[in-house]
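J.: Dropping the sequence and predicted coords here.
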Amino acid sequence: MSADPILEPLNTAQRAAVTAPLGPVLVLAGAGSGKTRVLTHRIAWLIRAHDVSPHSILAVTFTNKAAGEMRTRVEGLLGMPPGVLWIGTFHGIAHRLLRRHWREAGLVESFQILDAEDQQRLIKKLLKAEQLDETRWAPREVQWFINSNKDEGRRPRSLKAGNDPTRAQMIRLYTLYEEACARSGLVDFAELLLRSFELWRDQPAILQHYRQRFRHVLVDEFQDTNTIQYAWLKLLVGSESCPFVVGDDDQSVYGWRGARVENLQQFGRDFPAVSLFRLEQNYRSTGAILAAANGLIANNAGRLGKTLWTNGAQGEPIRLYAAFNERDEAEFVCQRIREHLAHGGAHRDAAVLYRSNAQSRVFEEIFLSARMPYRVYGGLRFFERAEIKDALAYLRLIVNRRDDASFERVVNLPTRGIGAKSLDTVRAAARTAGIPLWEATGACLGEALGARASAAMRGFMELIERLAVEVAGLALHEQVDRMLAATGLIEFHRRDNADRGEARVENLEELVSAARGFGGERLETELPPLEAFLAHVTLESGEGQADAWEDCVQMMTLHTAKGLEFPIVFLCGMEDGLFPHQRSIANLDGLEEERRLCYVGMTRAMRQLYLTYAEQRRLHGIDSFSQPSRFIKETPEDLIEEVRPRLQVRRPVAPGRFARATGAEQAAPHRHAEYSSARLRDPPPAPGMRLGARVRHGKFGEGVILTLEGSGPQARVQVNFERQGPKWLVMQYAKLEPL
DNA sequence: ATGATGATATTTTTT
DNA sequence: ATATCATCAT
């Protein structure tokens, strides 16, 4: 047993979980405790020790990356491809089911997947058709209403408006949206899950089949499951199968998009026979980093309880840097990375983590001028680029003429003389007849449409029909290539003389390469290559930037960093209002989720952890002062070493105070001591600016003065705004108006 | 059909 | 500050 590659590399707790008796298992796995390892070794163990057929194992993850990693690692353990074993994301697996059982699920065979952007466009179209004001009915909110109801398993008919007219309208829009999707053969992300749940719920024979097949269901990141995902799992598992779920309540950071941490506790109630395991030994971080993270997360109530520990060294203290402003912050980080490089380190060892994407800008500027190579994660991905989506829309029309979203997108792209009026005619016809735009257009030709418009429309329809015929039987990349030529998309962008045109042509050419490289292996349901490709690109829209493996400083949001690790981590923008974010500060749940996010950030660090904040930060064009993040104060003080204590000289308060500061203050690392010592005895810096006075700000609206510091134009003032909460402002720039 | 203008919002993101 | 987006004018 000692040379056993499956059990030998595991510690006691991991081994206990992997070899747990066949039955429901819940593994609470702390950050860096070998979560994926337990999952993959469990799969290998089932196959080897229990002679379980890979055919009867289903492993579910949230991201394609995690699914891919799991597949590779299982393959490595078994020394062969796991073949029939199903490993995939919730959405990927739901999609697979719907392709197989499209008829029973009430879909059309060639249904296409709508991504978030497509969905919003469709909603906007609906609002316009309904002549609803977009300021009253924000598309984002309609979208949120629809998606969150789907995530909770609710169809429009099961919703009650009560006496709420707003809600009634929302429900109506949800209904209209569903009808539009059905007409067009479109399925959004949430629909994939809900629809496959309903498929099982309403088709006992099909459910029975999968229940019998998947005797072992493994789930990663269980704390991120939403209501419908959990219901789906429960339905599948029934009373016969063995669910093996792994999660960490302390890393639940997706509550805002429907994830239910409570599912962890619920699992215990739904499966009373559960075996519970805790993985608390951490293999990633130093003792100091773990102690800091543990100390911070201890401030959350209602945890399942878990304390990470390590056999390793205590390591270096957590470093705290109080920057003068956001540029100083970025320069400090840059400097520290340089030192790391000077000691022989690599760029990629360092990660800059922040709460919101906007923060990356300053770092980019500073890094650029310092010639520090970096890579920003997140942002637009390849298949989300406008020109790529245009091209895909053509391909989707070739596959499914009823796809209204795609029709609208490209009917006049490149421009072929089909104007808004003609389209309105067609839309009206489609709406009254309840048919797709494509059909409606056919009916309008020569009748409702004038001669010119008819000719243009006919040209468009013939183009699609001709392409569909021409392209049939060609290799996938030739299909794409032919389409690009025939539609004139390439030509269209080539004519765009602005330099973005060139980039777009390149991207379109890249799309052809992507098609050439598309294996289409997966998906047992033998989808035709083009349709498989289209599903693939919306479900796995690919990495943000191609050169992922160059030696660059890594920059990303805290959310994106979840699941990753780096030797050196900089947690930046540690300011109240930014992190925890202003919008989360008000309620306890929101604040606790932010705290977990901070915990996630800290536990990404292997050797060194830096916390930085800026005393003054320009955000949305205005400078404001903020307090250091409460998360800094919640981190045990003895673990923190201030890199450079604040120098009074750098603070633009009253001019008279400038003379004092000398380097001598370096020796006194008194944390935060001077923060709260506001000097309230100063005279009011401007007429009407007193404590408690009401003021108006151009951007923030009205508020009440809480604190005044300093005098003259350099004075700072803290105002509690009705809408945005408390803010520090510089009097000189704030242009406050007394009320 | 294209570009200028002005209003508006600006946490986090996968699929 | 800045990006996006709708509306309007050319």
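T.: Received it, and whenever you're ready, just let me know what you need.
J.: Hmm, residue A:283 is touching residue A:32, no?
T.: Yes. Taking contacts as CB atoms under 8 Å, residue A:283 lies within contact range of residue A:32: 5.8 Å. All C-beta spots, glycine's among them, are computed from the backbone N, C-alpha and C.
J.: tell me, what's touching these two both at once?
T.: Shared contacts of residue A:283 and residue A:32, defined by CB atoms under 8 Å, 6 or more residues apart in numbering, are absent.
J.: Which one's more surrounded, those two?
T.: residue A:32 (22 against 14; other CB atoms under 10 Å).
J.: Kindly list the main-chain dihedrals of the more buried one?
T.: The phi and psi values for residue A:32, taken as degrees, to the nearest 10, are phi 70, psi 20.
J.: mind listing what's buried in the longest strand anywhere in chain A?
T.: The single longest strand within chain A, with elements called by DSSP state E, is strand A:605-619. Buried positions in strand A:605-619, judged by neighbour count with 16 or more other CB atoms under 10 Å: A:605-617, A:619.
J.: quick one: the helices in the stretch 251-400 of chain A?
T.: A:262-270, A:287-297, A:326-342, A:360-369, A:386-399 (DSSP state H, counting those that start in this stretch).
J.: Which one of those lies nearest to DNA strand B?
T.: helix A:360-369 (8.8 Å; CB to the nearest atom of the strand).
J.: Mind putting the buried residues of strand A:605-619 into a markdown table with distance to DNA strand C?
T.: Converted to a markdown table, the buried residues of strand A:605-619 look like this (distance: CB to the nearest atom of the strand, whole Å):
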| residue | distance to DNA strand C |
| --- | --- |
| A:605 | 30 |
| A:606 | 34 |
| A:607 | 35 |
| A:608 | 32 |
| A:609 | 30 |
| A:610 | 26 |
| A:611 | 26 |
| A:612 | 21 |
| A:613 | 20 |
| A:614 | 16 |
| A:615 | 19 |
| A:616 | 14 |
| A:617 | 12 |
| A:619 | 8 |
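J.: between those residues, which is nearest residue A:440?
T.: Distance to residue A:440 across the buried residues of strand A:605-619 (CB to CB) is lowest for residue A:619, with 47.9 Å.
J.: residue contacts, that closest one?
T.: Counting by CB under 8 Å, 6+ apart, residue A:619 touches A:358, A:578.
J.: redo that, cut-off 10 Å
T.: The contact partners of residue A:619, by CB atoms under 10 Å, 6 or more residues apart in numbering, come to A:326, A:356, A:358-359, A:573, A:575, A:577-578, A:626, A:727.
J.: now residue A:560
T.: Contacts of residue A:560 (CB under 10 Å, 6+ apart): A:353-354, A:357, A:376-378, A:544, A:554.
J.: for residue A:482, what are its contacts?
T.: Applying CB under 10 Å, 6+ apart, we find residue A:482 in contact with A:467, A:470-471, A:474, A:512.
J.: In those, find the pair that's most separated.
T.: By the measure CB to CB, A:470 and A:512 form the most distant pair in the contacts of residue A:482, at 16.0 Å.
J.: ok, these two, which is more surrounded?
T.: residue A:512 (20 against 15).
J.: Count residues in the vicinity of the residue of the stretch 101-250 of chain A found nearest DNA strand C, would you?
T.: Closest residue of the stretch 101-250 of chain A to DNA strand C, CB to the nearest atom of the strand: residue A:124 (5.6 Å). Around residue A:124 there are 14 other residues, counting by other CB under 10 Å.
J.: Please tell me how far it sits from residue A:137.
T.: According to CB to CB, to the nearest Å, residue A:124 and residue A:137 sit 10 Å apart.
J.: Number of residues surrounding the closest residue to DNA strand C within chain A?
T.: Evaluated by CB to the nearest atom of the strand, chain A has residue A:621 as its residue closest to DNA strand C, separated by 2.8 Å. Neighbour count for residue A:621, taken as other CB under 10 Å: 6.
J.: which ones are touching the residue lying closest to residue A:186 once chain neighbours are set aside?
T.: Leaving aside its chain neighbours, residue A:186 sits nearest to residue A:114 (4.8 Å; criterion: CB to CB, 6 or more residues apart in numbering). By CB under 10 Å, 6+ apart, the residues touching residue A:114 are A:120-122, A:181, A:184, A:186-192, A:403, A:405-406, A:538.
J.: ditto for residue A:610
T.: Contacts for residue A:610 (CB under 10 Å, 6+ apart) come out as A:318-321, A:332-333, A:336, A:350, A:352-353, A:568-572, A:574, A:643.
J.: How far does stretch A:366-385 stretch from one end to the other?
T.: One end of stretch A:366-385 to the other measures 27 Å (CA to CA, to the nearest Å).
J.: Pull out the buried positions in it.
T.: In terms of neighbour count (16+ other CB under 10 Å), stretch A:366-385 has its buried residues at A:366-367, A:372, A:374-377, A:382-385.
J.: per-residue pLDDT, residue A:43?
T.: We have a pLDDT of 96 for residue A:43.
J.: And for residue A:296?
T.: pLDDT recorded at residue A:296 is 97.
J.: Now do the contacts for the closest residue to residue A:230 other than its chain neighbours.
T.: Excluding the flanking residues, the one nearest residue A:230 by CB to CB, 6+ apart is residue A:263, at 4.8 Å. Listed by CB under 10 Å, 6+ apart, the contact set of residue A:263 reads A:219, A:222-227, A:229-231, A:233-234, A:245, A:247, A:249, A:252, A:270.
J.: Which members of those are positioned in helices?
T.: Per DSSP state H, helices hold the following members of the contacts of residue A:263: A:227, A:229-231, A:233-234, A:270.
J.: Show me the subset of these that also lies near DNA strand B.
T.: Restricting the ones in helices among the contacts of residue A:263 to those touching DNA strand B (CB under 7 Å from any atom of the strand) yields no residues.
J.: what packs against whichever helix or strand residue A:596 is part of?
T.: If you go by DSSP states H and E, residue A:596 is part of helix A:588-602. Counting contacts by 3 or more CB pairs under 10 Å, 6 or more residues apart in numbering; DSSP states H and E, helix A:588-602 is packed against helix A:287-297, strand A:350-354, helix A:558-561, strand A:566-571, helix A:582-585, strand A:605-619, helix A:630-633.
J.: which of the helices of the stretch 251-400 of chain A sits most buried?
T.: The highest mean neighbour count among these, using mean count of other CB atoms under 10 Å, belongs to helix A:287-297: a mean of 24.
J.: Could you tell me the angle between it and helix A:588-602?
T.: 170 degrees (axes from the mean of the first three to the mean of the last three CA atoms, to 10 degrees).
J.: Please write out the alpha-carbon positions of helix A:287-297 in PDB.
T.: As requested, the backbone C-alpha atoms of helix A:287-297 are provided in PDB (Å, rounded to 0.1, in the frame of the first residue of the first chain):
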ATOM      1  CA  GLY A 287       2.400  30.300   9.000                       C
ATOM      2  CA  ALA A 288       2.200  34.000   9.200                       C
ATOM      3  CA  ILE A 289      -0.100  34.200   6.100                       C
ATOM      4  CA  LEU A 290      -2.300  31.500   7.500                       C
ATOM      5  CA  ALA A 291      -2.500  33.100  10.900                       C
ATOM      6  CA  ALA A 292      -3.500  36.400   9.300                       C
ATOM      7  CA  ALA A 293      -6.200  34.800   7.200                       C
ATOM      8  CA  ASN A 294      -7.500  32.800  10.100                       C
ATOM      9  CA  GLY A 295      -7.600  35.900  12.300                       C
ATOM     10  CA  LEU A 296      -9.500  37.800   9.700                       C
ATOM     11  CA  ILE A 297     -12.100  35.200   8.900                       C
END
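J.: Taking the contacts of residue A:114, tell me the two that lie furthest apart.
T.: Within the contacts of residue A:114, A:190 and A:406 form the most distant pair, 19.8 Å apart (CB to CB).
J.: Specify which residue of the two has the higher count of neighbours.
T.: Neighbour tally, residue A:190 and residue A:406, criterion other CB under 10 Å: the higher count belongs to residue A:406, 28 against 23.
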